[in-house]
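Novice: Sequence and computational prediction follow.
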Amino acid sequence: MKLLLHTCCAPCSVYCIDSLRKEKIEPTVYWFNPNIHPYMEYKARRDCLEKYTKSIEVEAIFEENYGLRDFCKNVVEDLESRCKNYCYKVRLEQTAKYAKENGYTHFSTTLLVSPYQNHKALIEVGKEMAKKYEIEFLYRDFRVGFKVGQAKARELGLYIQKYCGCIFSEESRYLNLNLAKPELPEGFKFLPVKNSINIKKERDNKEKYLDLLLEADPNKEIVNKYLLDGELFALTYQDEPVCVAVIIMVDNDTVELKNIVTKEEYRGKGYAKKMIKYLIDNYKTKYKKMIVGTTENNIPFYVKQGFDKYEKTIKNFFVDNYNEEIWDGDLHCTDIIYYSRNLKK
């Protein structure tokens, strides 16, 4: 089977792709969503999907069409039926057409995961396009895994939209007009969602995290010192440690994030951001400020996490304190640069 999977967004794709892979079906993701508006929303969903598909190594095709004008022309006279008559039809027709022209044997859509979509209409349109383009429509009732997929998307830090996509669904969200209620077929129920992310303070056996900490700071003597004096936090995913951080007290008002590191295979999934948020929430009741020393390459990351005040630069820190040259990508590290975050904001 060669499957082209129309995909509306990254969060909706999570359970669909996972469940298809369990069936030994490797889908190709297909982005074609001219009903999503405004443009910044369109871009946010597209860019998130592009990043997510790369992270899970699934092939993705992006068909660019920000179709605001065509959308408005086609739905303005029949807003109540816009989903079936335009949004579903235009996307599934283009998916079926592309699949047929490019050697795919089947097509499907991640819209089938949402209990808020008109499931019956999706099936009707899918079958209609399958007949028109002489290609198989792969039907799966992905709705049973909707909550599981959404929970995993949040764990991964994916952008999760607050409305279906078009400007009229955005209007309905604010005006509470005709909001769809989630529907599941008789006998179906949502799969249970387990709390698979956990962060806790490690009071004993801190040394078991030493090898991971050394990936971010290769001076064992320095690491052992702040590991002895500091508080260590471990974030686990399904009981496996994936991100570790160490905090030390600087004075009565200030703490310092001395080290934070994520296992290589889990990087780029938002775990460091979750750890930092947890640390901020944990220390803001007792301290006024948190500081972090970093290299030039990592400044944008920390600024996005709220470390937006420059504090100081220690010249030649990495030259004076490390026996080997320290590299961060293509950057030869010499100075350490400190930024701070106001914990009381």
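Specialist: Nice, I can see it. Residues are numbered from 1 along each chain as shown.
Novice: Please count neighbours and contacts with C-alpha atoms only from this point.
Specialist: Noted.
Novice: Contacts for the longest helix along the chain, please.
Specialist: When the chain is parsed with DSSP state H, its longest helix is helix 39-55. Outside helix 39-55, the residues that touch it by C-alpha atoms under 8 Å, 6 or more residues apart in numbering are 8-10, 29, 31, 36, 59-60, 66, 158-159, 161, 268.
Novice: shouldn't residue 234 be in contact with residue 244?
Specialist: Yes. Counting by C-alpha atoms under 8 Å, residue 234 does reach residue 244; the two are 4.6 Å apart.
Novice: of these two, who's got more company?
Specialist: Shown here are residue 234 and residue 244; by other C-alpha atoms under 10 Å, residue 244 has more neighbours (26 against 22).
Novice: show me the contacts for that one.
Specialist: 209, 212, 213, 232, 233, 234, 235, 259, 260, 261, 262.
Novice: Just the buried ones from these?
Specialist: Among the contacts of residue 244, those classed as buried by 16 or more other C-alpha atoms under 10 Å are 209, 212, 213, 232, 233, 234, 235, 259, 260, 261, 262.
Novice: Tell me the spacing between residue 338 and residue 55.
Specialist: For residue 338, the distance to residue 55 equals 30 Å [C-alpha to C-alpha, to the nearest Å].
Novice: May I have stretch 91-98 exported as PDB, CA atoms only?
Specialist: Written as PDB, here are the backbone C-alpha positions of stretch 91-98 (Å, rounded to 0.1, in the frame of the first residue of the first chain):
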ATOM      1  CA  ARG A  91      -9.100  19.200   0.100                       C
ATOM      2  CA  LEU A  92     -10.000  15.600  -0.400                       C
ATOM      3  CA  GLU A  93     -10.400  16.100  -4.200                       C
ATOM      4  CA  GLN A  94      -7.000  17.600  -4.500                       C
ATOM      5  CA  THR A  95      -5.500  14.800  -2.300                       C
ATOM      6  CA  ALA A  96      -7.200  12.100  -4.400                       C
ATOM      7  CA  LYS A  97      -6.100  13.800  -7.700                       C
ATOM      8  CA  TYR A  98      -2.500  14.200  -6.500                       C
END
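Novice: what about that stretch, distance to the chain center?
Specialist: Relative to the mean C-alpha coordinate of its chain, stretch 91-98 is positioned 26 Å out (C-alpha atoms, centre = their mean, to the nearest Å).
Novice: Could you do stretch 23-32 as well?
Specialist: 18 Å.
Novice: How about stretch 277-287?
Specialist: Distance, stretch centre to chain centre, for stretch 277-287: 24 Å (C-alpha atoms, centre = their mean).
Novice: cool, stretch 104-118 as well?
Specialist: Taking C-alpha atoms, centre = their mean, the mean C-alpha location of stretch 104-118 is offset from the chain mean by 20 Å.
Novice: Next up, phi/psi of residue 21, please.
Specialist: With angles defined as degrees, to the nearest 10, residue 21 shows backbone torsions of phi -60, psi -30.
Novice: which residues does it contact?
Specialist: Residue 21 neighbours (C-alpha under 8 Å, 6+ apart): residue 27.
Novice: Tell me the one among the contacts of residue 244 nearest to residue 1.
Specialist: residue 262 (36.5 Å; C-alpha to C-alpha).
Novice: Check whether the closest one really touches residue 272, as I assumed.
Specialist: Yes. Counting by C-alpha under 8 Å, residue 262 touches residue 272, with 6.6 Å between them.
Novice: Quick check: neighbours shared by those two?
Specialist: residue 243.
Novice: And residue 337, which helix or strand is it part of?
Specialist: strand 336-342 (DSSP states H and E).
Novice: how deep is the closest residue to residue 59 other than its chain neighbours tucked in, by neighbour count?
Specialist: With C-alpha to C-alpha, 6 or more residues apart in numbering as the criterion, residue 59 has its nearest non-adjacent residue at 5.1 Å, and that residue is residue 28. Residues lying near residue 28 (other C-alpha under 10 Å) number 20.
Novice: Please shift the residue numbers so they start at 45 in all later answers.
Specialist: All set: I'll call the first residue 45, so the last point we hit is now residue 72.
Novice: Quick check: phi and psi on the residue lying closest to residue 139 once chain neighbours are set aside?
Specialist: Using C-alpha to C-alpha, 6+ apart and skipping residues adjacent in sequence, the residue nearest residue 139 is residue 50, 6.3 Å away. Per-residue torsions, residue 50: phi -60, psi 130 (degrees, to the nearest 10).
Novice: Run through the bridge partners of residue 50.
Specialist: Judged by DSSP bridges, the bridge partners of residue 50 are residue 74, residue 153.
Novice: confidence score at residue 104?
Specialist: The confidence metric pLDDT takes the value 97 at residue 104.
Novice: tell me the contacts of the residue nearest to it when sequence neighbours are not counted?
Specialist: Distance criterion C-alpha to C-alpha, 6+ apart; nearest residue to residue 104, sequence neighbours excluded, is residue 73 at 4.5 Å. Taking C-alpha under 8 Å, 6+ apart as the contact definition, residue 73 lies against 48, 49, 50, 51, 97, 102, 103, 104, 105.
Novice: With residue 313 instead?
Specialist: Neighbours of residue 313 in contact, by C-alpha under 8 Å, 6+ apart: 199, 200, 201.
Novice: number of nearby residues for the first one?
Specialist: Here the count is done by other C-alpha under 10 Å, and residue 199 has 17 residues near it.
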